[in-house]
Structure formats: C-alpha cells, structure tokens
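A.B. asks: Any chance you could fold what I've pasted below:
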Amino acid sequence: MGALGNDGLAVPGRVDLAHEPPFVLGNLGFDPPTRQAIHSDQRQTIEPKVMQVLVALFRARGAVVSRDELIAWCWDGRIVGDDAINRVIARIRALASGLAEDSFQVETIARVGYRLLESGPKTNSQPKRDREAPVAGKSSKRQFLIAAGLLGTVAATGGVAVLVQRGRRHTPPPEAQELYRRGELAWKSALGDQVRQSVRFFERAVQIDPQYGQAWGALAVTYTHFLEGYDQAEVAALPAQIRAAAKRALDLDPDNADAQLALSNIRPNFRNWAQSEREMRGICERHPEHWLSHARLAVLLYQVGRLREGIKFHSRVLEIDRMVPLTHAFIIRALSNLGEIQEAEAAIRRAKQIWPSHPALWETEYFHLLFSGQPQAATALVMDPRSRPSGMDKRDIDESLTLARAIEYRRPADVDKIVEPMREGAMRMIRAVSFVAPVFAALGRLDLVYDSLQRYYLDRGTFGPPAPLGPAPRRNTDLLFSTPVLPLLGEPRGAQMLADIGLERYWRRTGTVPDFRGR
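C.D. replies: Residues are numbered from 1 along each chain as shown. Take a look at the predicted model:
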C-alpha cells in the first residue's frame, strides 16, 4: 500500500508507517504505526527507517526489491549512499536473528537488490476459495498467539485491530465491504478524480481487513490504470506494488480474476499484442462474468485494428453491467472509425440517456462529429450549455470551437492556432502524440502526422528530442485506425510504419486481418 499524499490519496510505493497494517513473519509480529516487533511477551521498538524498509520488503511478498525502489519508497527518492542502505539491512538481519531466530531472512541479490524470505513456521497450504468470501488458510498455534499479541498491542495504541481468522469462512467486516463497493463505483465512473479515489477506498478496505482477497485483487488491478499515459520514470515503483497486491489476493483466492488480470497488464500491450491477447482470452474464458477482462481485451483488439471483434467484447461488458460509461464511449468511437455513422449516433443517444453530460462521452461525441464530416454539428454541441460537462471553462469552449472552425473552413490562421500549441506540447510530452496525430491528419498536416508518429513509435526523426522506448514502452496504436489517420496506412510511409512497429508481424503470426483490409 502507498502512503497518503497531501490530497489524501495514495502515493504509489511510498511507505508511510502510520497507514501500514500489522503483519506477521514467522514467529514475529510487527505493528508499523507503533514500530513494534512482538515475540511472545517481548516487544522491541524499531527505528523508523528500519521498519520502513522491512515493510517495503514484506509488501513485495518474496519478489526482489531493487535499491532504487527502496530509495524511492523509504527515502522519498533522495540521494542515499550504499552505506545507509547496508546499515538498515544489517539492522533488519540482526532483528531476525536476535528477537526470534529463524523467523525470516533478507537475501541479497547481487547487483539487483534484496528479497525477504520467511523461514519460520509455515501455514498449511490453502484450499481453493470462494471468490466472494475467501477462506484464510490454517495456522500453527504459535502464529495465532503472535497475531493475538499483535492485536493487543495495536488495540492498546489505538491502531487498526487485525486478527487473522483461521479455519472458517471469512466474511469481511461491513465497513470493508462498503469501502470495496464504493471503490468499484468510483472506478467505473471513469472520472479522473474518482479513479484516484477508488485506490484509496480499496487501500482502506485491506487495511481494515488484510484477509479481504477480493479487495486486494481490486487494488492490484486499479493500480494498473496508472501504468498508462505516464512516462516510465513516473511509474517505476508500480509493478512491484501491483505484484504485491496481486499476490496477496491470489494467496487468499487463487482464482481471483482481478489479480490475474493485473499481473497480465503489468506488461504493456505494445509489441506484445499476441501474448497479451492469449492471456486475456484465457481470463475471459475462465471468468465469463468478469466485465473488466472483457473490456481490456476489447481495447487490445482496437489497438490491432480488429474493431468489430472489439465491439463484441465491449457489448458483452454491457450485458454484464451497462453502467460503465467508458464502454459506451469505446463502442461509439469504434463504430465511428468503421464508418458506421448511424450506428455510432444511435449508440450516442443510448449512452446519453444514462449520462447526459459525462466528460468521456461528450468528448467522444464531439470528435465523432468532427471526424465524420459534421463540424457544424460539433460546433452546436459545444455551444449547447445543457450538453457540456461540468468543469468545462471558457478556454476549453474556445479551443473546441476553434478546432471545429479550423476543420470546417481550413483557414490557415485557425489551423495554425490549433496546430502550433499541439505540436509544441507533443514535442515536450511525447505521449500526447496519441491525441494530436489524428487532429493533425484531420487538418491536412500529414507531415506532422508522420513526423510525430515516427518519434512516438520508433524514436526516430526530428519531432522533438529523443524519447527512448526503454524495456517496457507503452504506446497506443488504436489511433492508426481512426478516421483521419486510416487513409495514410495505404501510402508507402504508412505501410512501412505498420511493419516497423510490428503490427504486420502480429497479423501474419496470428492469422488475423485488420478491419480496414477486410472492407
């Protein structure tokens, strides 16, 4: 779990002892808020930094934690010498051998980092559990007493009381269940602030009940949302955090679909389309009622130009739960890009009956009108105050009107007024290319389309400074199949780009054909 930032939301990876739940390692219990280590009737107060690093290693659940991750999570990214980390690791090892010998050990992985290995009494293997109400595995009497001792310490200090319930069906307390319910509703709303809030709801649910497998799975898969749309440096701490939450979920419920999906989604789809598709299809087959697996598979299919099949999976999402606004938005956009204008507008009307002014749906309708040859209708949409989402200020309105006029009349002054800020912004922040490239195409600036996409997908050319792809690049390819960009794929430069990116190889190896070639 992450610490809380100034806005009350979780900061991924950071260890804030005040918000960490108690945990058990072998014969030792730990209460991070009070920095207490408990063994039988012995208690020892641990240095704050030692407890922080121990929590970070414990959260990884046996995975290796790098020194850079420890610095980011426990030292807030400040420059820290090897001596400081070595000293803390030595204190943790001394704790393991001093207070309760053989409870755990810290293994050094040369030139990589550290991992925590539990070496005390082991719990019995856990049976497969009901997904809605997971059952905790059995435990030795010694571990039960440790947990009970920890409970007493936490209760005495006013912390969150946690008692691992063993040997019977586990039912989360009502407060945790309500937080889970609110987290699901917040996430499905697809509003930026609410998505962030959902993380906090799920984190709070597992703080209250660390045995709540369903909430751990939801937390893991919600964290994956923040992998998209950010630079690699910004999300460096997230994979370990996702793995830790997913492992907790799978320990409690080996069939947890959210956790399975979260682990699959750590790897980007870009250039891994075939593997990601296989994994997500498997999850959908095992969990036919899991809406999110179907939704994410649909998005992957849009990325490889298989829009019609993607619509089928998103339609399945609506059969499971029609109250997911982004699903409606994706279907509308796919229909529009397929040239099925009447079907797209029927889908818009159905969605607006539920959400008359949802930001994602409003934006989807606006660009559908722009890119389907209806800029005057797009202008009317912007001018109608009843349709506009709340929070849309005068600047947003003016920019939307300018874009609509530029596409309608192609006056150089209007085109330049739109293109230049977008070009400069995308050069500074390369991920913005996925938004601006279709606009460049719609305005006839094909030079900028090719230049920006070369930098975005291949880190080539003169469009802004280098943007190294690194080992795990996240790049959206669905924009290639949008109405403005699609004609360019028939040109030699566009065809070469499909080959260079790897999409041609994907289609050849999977025996699939993108929709634009099947028309």
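
A.B. asks: Please list the residues outside stretch 424-441 that contact it.
C.D. replies: Contact partners of stretch 424-441, identified using Cβ atoms under 8 Å, 6 or more residues apart in numbering, comprise 229-231, 367, 371, 403, 418-419, 422-423, 446, 448-449, 452-453, 455-456, 463-465, 467, 475-476, 479, 482-485, 488. Just so you know, the C-beta spots here come from the backbone N, C-alpha and C atoms, and that holds for glycine as well.

A.B. asks: start to end distance for it?
C.D. replies: End-to-end span of stretch 424-441 (Cα to Cα, to the nearest Å): 16 Å.

A.B. asks: starting at the chain centroid, how far to it?
C.D. replies: Computed by Cα atoms, centre = their mean, to the nearest Å, the separation of stretch 424-441 from the middle of its chain amounts to 22 Å.

A.B. asks: list the buried ones in it?
C.D. replies: 426-427, 430-434, 436-441 (16 or more other Cβ atoms under 10 Å).

A.B. asks: before we move on, what about stretch 215-231?
C.D. replies: Ala215, Trp216, Gly217, Ala218, Leu219, Ala220, Val221, Thr222, Tyr223, Thr224, Phe226, Leu227.

A.B. asks: So the second one, which state does it fall into?
C.D. replies: For Trp216, the reduced secondary structure class is helix; criterion used: DSSP: H, G, I helix; E, B strand; the rest coil.

A.B. asks: I'd guessed it sits against Arg243; true?
C.D. replies: No. Taking contacts as Cβ atoms under 8 Å, Trp216 lies outside contact range of Arg243: 11.7 Å.

A.B. asks: Tell me the gap between the helix or strand hosting Ala249 and the middle of its chain.
C.D. replies: Under DSSP states H and E, the secondary-structure element containing Ala249 is helix 238-252. Offset of helix 238-252 from its chain centre (Cα atoms, centre = their mean): 13 Å.

A.B. asks: And the contacts of the helix or strand just after it?
C.D. replies: Sequence order places helix 257-266 as the next helix or strand after helix 238-252, per DSSP H and E. With contacts defined as Cβ under 8 Å, 6+ apart, helix 257-266 is touched by 131, 214, 216-218, 220-221, 223-224, 227, 239, 242-243, 245-247, 249-250, 253, 276, 279-280, 283, 286-287, 290, 292-293, 296.

A.B. asks: For helix 257-266, what is the distance to the chain centroid?
C.D. replies: Per Cα atoms, centre = their mean, the displacement of helix 257-266 from the mean C-alpha position of its chain is 10 Å.

A.B. asks: Looking at the contacts of stretch 424-441, which are in helices?
C.D. replies: 367, 371, 403, 418-419, 422-423, 446, 448-449, 452-453, 455-456 (DSSP state H).

A.B. asks: quick one: which of those is nearest to Phe104?
C.D. replies: Nearest to Phe104 among the ones in helices among the contacts of stretch 424-441 is Tyr456, at 45.4 Å by Cβ to Cβ.

A.B. asks: Look at the closest residue to the closest one other than its chain neighbours and tell me its secondary structure.
C.D. replies: Among residues not flanking Tyr456 along the chain, Val433 sits closest, at 4.0 Å (Cβ to Cβ, 6 or more residues apart in numbering). Under three-state DSSP, the three-state class of Val433 is helix.

A.B. asks: distance of Val433 from Leu448?
C.D. replies: Separation of Val433 from Leu448 (Cβ to Cβ, to the nearest Å): 10 Å.

A.B. asks: would you list every one of the strands in the protein?
C.D. replies: 3-4, 10-11, 23-25, 28-31, 36-39, 42-45, 65-66, 104-109, 113-118 (DSSP state E).

A.B. asks: quick one on the thing from earlier: of the contacts of helix 257-266, grab the buried ones for ChimeraX.
C.D. replies: Entered in ChimeraX, the line below selects the buried ones among the contacts of helix 257-266, by 16+ other Cβ under 10 Å:
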select :131,214,216,217,218,220,221,223,224,227,239,242,243,245,246,247,249,250,253,276,279,280,283,287,290,292,293,296
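
A.B. asks: which stretches of the stretch 1-150 of the chain have low pLDDT?
C.D. replies: Residues of the stretch 1-150 of the chain that meet the criterion pLDDT under 70 lie in 1-13, 40-41, 99-102, 119-150.

A.B. asks: all helices of it, in order?
C.D. replies: 48-59, 67-74, 82-98, 141-156 (DSSP state H, counting those that start in this stretch).

A.B. asks: repeat for the stretch 251-400 of the chain
C.D. replies: 257-266, 273-286, 291-303, 307-320, 325-337, 341-354, 359-371, 375-383, 394-409.

A.B. asks: Could I get the buried residue list for the fourth one?
C.D. replies: Taking 16+ other Cβ under 10 Å as the basis for neighbour counts, the residues of helix 307-320 that come out buried are Leu307, Glu309, Gly310, Ile311, Phe313, His314, Arg316, Val317, Leu318.

A.B. asks: between those residues, which is nearest Ala344?
C.D. replies: Ile311 (10.7 Å).

A.B. asks: how close does the nearest residue to that closest one once chain neighbours are set aside get to His225?
C.D. replies: Spatial nearest neighbour of Ile311, excluding adjacent residues (Cβ to Cβ, 6+ apart): Ala334 at 5.2 Å. Counting by Cβ to Cβ, the gap from Ala334 to His225 is 21 Å.

A.B. asks: Give me the domain ranges for the protein.
C.D. replies: Per automatic domain parsing, the structural domains of the chain span 3-257, 413-519.

A.B. asks: For those, give me a markdown table that also has distance to Gly339.
C.D. replies: Converted to a markdown table, those look like this (distance: least, Cβ to Cβ, whole Å):
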| stretch | distance to Gly339 |
| --- | --- |
| domain 3-257 | 26 |
| domain 413-519 | 7 |
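
A.B. asks: Tell me which of the ones you listed sits nearest to Lys394.
C.D. replies: For these, proximity to Lys394 was assessed by Cβ to Cβ; domain 413-519 is nearest, at 15.8 Å.

A.B. asks: how many neighbours does Pro466 have?
C.D. replies: Neighbourhood size, Pro466 [other Cβ atoms under 10 Å]: 10.

A.B. asks: Now it. Nearest residue, chain neighbours left out?
C.D. replies: Asp459 is the one closest to Pro466 (Cβ to Cβ, 6+ apart), at 5.9 Å.

A.B. asks: check contacts around that neighbour.
C.D. replies: Per Cβ under 8 Å, 6+ apart, neighbours of Asp459: Pro466, Ala467, Pro468, Leu469.

A.B. asks: Please pick the buried ones from those.
C.D. replies: Ala467, Leu469.

A.B. asks: got the contacts of Asp459 as CSV, with pLDDT and distance to Pro22 columns?
C.D. replies: Listed next are the contacts of Asp459 as CSV, based on pLDDT from 0 to 100; distance: Cβ to Cβ, whole Å:
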residue, pLDDT, distance to Pro22
Pro466, 92, 47
Ala467, 89, 44
Pro468, 86, 42
Leu469, 82, 42
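
A.B. asks: For the contacts of Asp459, could you give me TSV that also reports distance to Gln194?
C.D. replies: Converted to TSV, the contacts of Asp459 look like this (distance: Cβ to Cβ, whole Å):
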residue	distance to Gln194
Pro466	36
Ala467	30
Pro468	33
Leu469	31
